[in-house]
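**Student:** Mind looking at a prediction? Sequence and model below.
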Number of protein chains: 2
Amino acid sequence: MPAQVRVFAPGSIGNLGPGLDILGLAVGGVGDEVIAERHGSVGVIIADPGHPSLPTDAAAHTSGIASSEVLRRAGAGFGVRLVVRKGLPLSGGQGGSAASAVAGALATNLLLDRPLPSSALVLAALEAEAVVAGRHADNIVATLLGGLVLIRSMDPPDLVRLPVPASLRIVLAHPDRSLNTREGRAVLPAAVPLEVALHQAAQVGAIVAAAHSGDLELLGRAIDDRIAEPARGPLLAGFIEAKQAAMAAGALGCSISGSGPTAFALARDDRSAARIAAAMAAAYGGLGVRCSTRIATPDHLGARAL
Amino acid sequence: MPAQVRVFAPGSIGNLGPGLDILGLAVGGVGDEVIAERHGSVGVIIADPGHPSLPTDAAAHTSGIASSEVLRRAGAGFGVRLVVRKGLPLSGGQGGSAASAVAGALATNLLLDRPLPSSALVLAALEAEAVVAGRHADNIVATLLGGLVLIRSMDPPDLVRLPVPASLRIVLAHPDRSLNTREGRAVLPAAVPLEVALHQAAQVGAIVAAAHSGDLELLGRAIDDRIAEPARGPLLAGFIEAKQAAMAAGALGCSISGSGPTAFALARDDRSAARIAAAMAAAYGGLGVRCSTRIATPDHLGARAL
């Protein structure tokens, strides 16, 4: 058993447009890190929560909750001390809470010499998301496994890892506003008209087909979310204008990352992505909303020890 | 321009479980045929409707409606005389109305030297389905293109043809009851709970993934329809028992074909398919419902001139 492990977990786009709660895409570059060490007393101690706004109470920090859940499921006889380093924004819609949860779960599992399979780590991280952000696993499975992941079912976890076209580029535009994930979930409708449900299912099917066939145009056309985006878009100042700007600049598709406020656009190459990023920043800026952008490739590896 | 053409269109499974109105699978073996000849006066004449219960009025027969629509869209200067040979059961849930419509549309387009693209033939056949069976295109696209087809959108048609695993076998169990497609559509809910919509979308995504990866077990698990089957199943005497029998006999998945009354089961090979067919027939028989079964492979070619 190692005495200390250090785990990186990438950010992710939840939903990926129409895939509310069932499709997640891991995004390369920025992520969260967790350094975990064994300690003698039972339970989890958060030595550093990673951000002044995050709790040091392990029962309130996603990394601590997920770590505790792994210890419990594994029947571990010792405790864990966690140091969290946040690379992802808080309440940004870039999968930060899931990344911290998955990094905490994986680091703890590695300290224990991997007693738990991936599906149990998903469930451990889900307990953490349920406490802080509402019960959804799309960010968790993407950040854990990497790439594009479809959740067929969570009871038990039935996860389908999909290929991601190599040339795909992702533009993330993060406006200087915050939308709590819980608020973003509260505005979702309790029921949807049948034709909306069928349209949404067809888009999810088309995303999966496009992932397999490498048809980026089809992937873009399928980023057509008629459930979450219509509910959340009006809450996100500048999103509608930024989306219009992204599409006019050649984006394959554009929607809200998770419950926002980050917007994402898909691009066919680096040049196109740069044009789209500039157009989105200008659209937010024109409305007085400060916005940072970055261009990324998918993360194909998922959470890993460093 | 040929003076006469003869077209075959295969049967099909609408929905393929969770893919209500958006997934269709063409089934080999039985189908409908249309023989079309030019004649001098404008319009469509049904010389033989193919079955004593079918109308000879071209405006009420799917083959006639679709043929008329092709003539109209192509601006043809002559009329067409149609002879229909029904291989598929009436109101059986095996895509018979769509097969006659597609065969009529394709035969007419061939008589005219192919002025219309496939998407226009889909729309012509859709006019026919709308008149007799409710506006849905899943059977149409499967019988026209062959194989497994996802409808991303119908406005305009955006059709995604998916690979079908070579070893897949299809069991069709046709009980001696009839359920009109219109009745089968009338019982569908106008709205569905959000979690049902998301689950259904995940199943459609998983079917597409399984088609691409050849994972027959995943394909079977994804035949989990929580919208149409719960509404239609209770109307179909013996279906629930036949499904239980199919699954117990090793079916990968089982659901209602289109709006029924035919039930379909998916099997991994011929031996398994034979066991499943026998089990389903016995289950219907035990309830006093006569039932015919057949075992088929997917039809990969779709509608074609003979």
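**Tutor:** Cool, the structure landed.
**Student:** what about stretch A:170-186, near chain B?
**Tutor:** No: Stretch A:170-186 stays clear of chain B (Cβ under 8 Å from any Cβ of the partner chain), getting no nearer than 10.5 Å. Every C-beta, even on glycine, is put in place using the N, C-alpha and C of the backbone.
**Student:** Quick one: end-to-end distance for that stretch.
**Tutor:** 27 Å (Cα to Cα, to the nearest Å).
**Student:** ok, the nearest residue to A:Ser91 once chain neighbours are set aside to B:Phe8 distance?
**Tutor:** Leaving aside its chain neighbours, A:Ser91 sits nearest to A:Ser178 (4.5 Å; criterion: Cβ to Cβ, 6 or more residues apart in numbering or on different chains). Taking Cβ to Cβ, to the nearest Å as the measure, A:Ser178 falls 61 Å from B:Phe8.
**Student:** More neighbours: those two, which one.
**Tutor:** Higher neighbour count among A:Ser178 and B:Phe8: B:Phe8, with 22 against 13, using other Cβ atoms under 10 Å in any protein chain shown.
**Student:** For the helix or strand containing the more buried one, buried residues please.
**Tutor:** Counting by DSSP states H and E, the element that carries B:Phe8 is strand B:4-14. Residues of strand B:4-14 classed as buried by neighbour count (16 or more other Cβ atoms under 10 Å in any protein chain shown): B:Val5, B:Arg6, B:Val7, B:Phe8, B:Ala9, B:Pro10, B:Gly11, B:Ser12, B:Ile13, B:Gly14.
**Student:** Tell me the one among those residues nearest to chain A.
**Tutor:** B:Gly14 (12.4 Å; Cβ to the nearest Cβ).
**Student:** The stretch 1-150 of chain A: helices as residue ranges?
**Tutor:** Per DSSP state H, counting those that start in this stretch, the stretch 1-150 of chain A carries helices over the ranges A:62-74, A:96-111, A:118-132, A:138-145.
**Student:** how about the residues of chain A that lie near chain B?
**Tutor:** So far as Cβ under 8 Å from any Cβ goes, chain A lies against chain B at A:18-23, A:150-153, A:158, A:160, A:162, A:188-194, A:196-209, A:212-213, A:218, A:221-222, A:227.
**Student:** buried residues in the helix or strand of chain A with the lowest mean pLDDT?
**Tutor:** Taking mean pLDDT, DSSP states H and E as the measure, helix A:181-186 is the helix or strand of chain A with the lowest mean score, a mean of 80. Buried residues in helix A:181-186, defined by neighbour count with 16+ other Cβ under 10 Å: A:Thr181, A:Gly184, A:Arg185.
**Student:** Identify the residue nearest the second one in space, chain neighbours excluded?
**Tutor:** In other words, A:Gly184. A:Ser259 (2.5 Å).
**Student:** Wait, a strand at the one you found?
**Tutor:** No: going by DSSP: H, G, I helix; E, B strand; the rest coil, the assignment for A:Ser259 is coil, not a strand.
**Student:** so what are the domain limits for chain A?
**Tutor:** According to automatic domain parsing, chain A is divided into the following domains: A:4-162+A:301-305, A:169-296.
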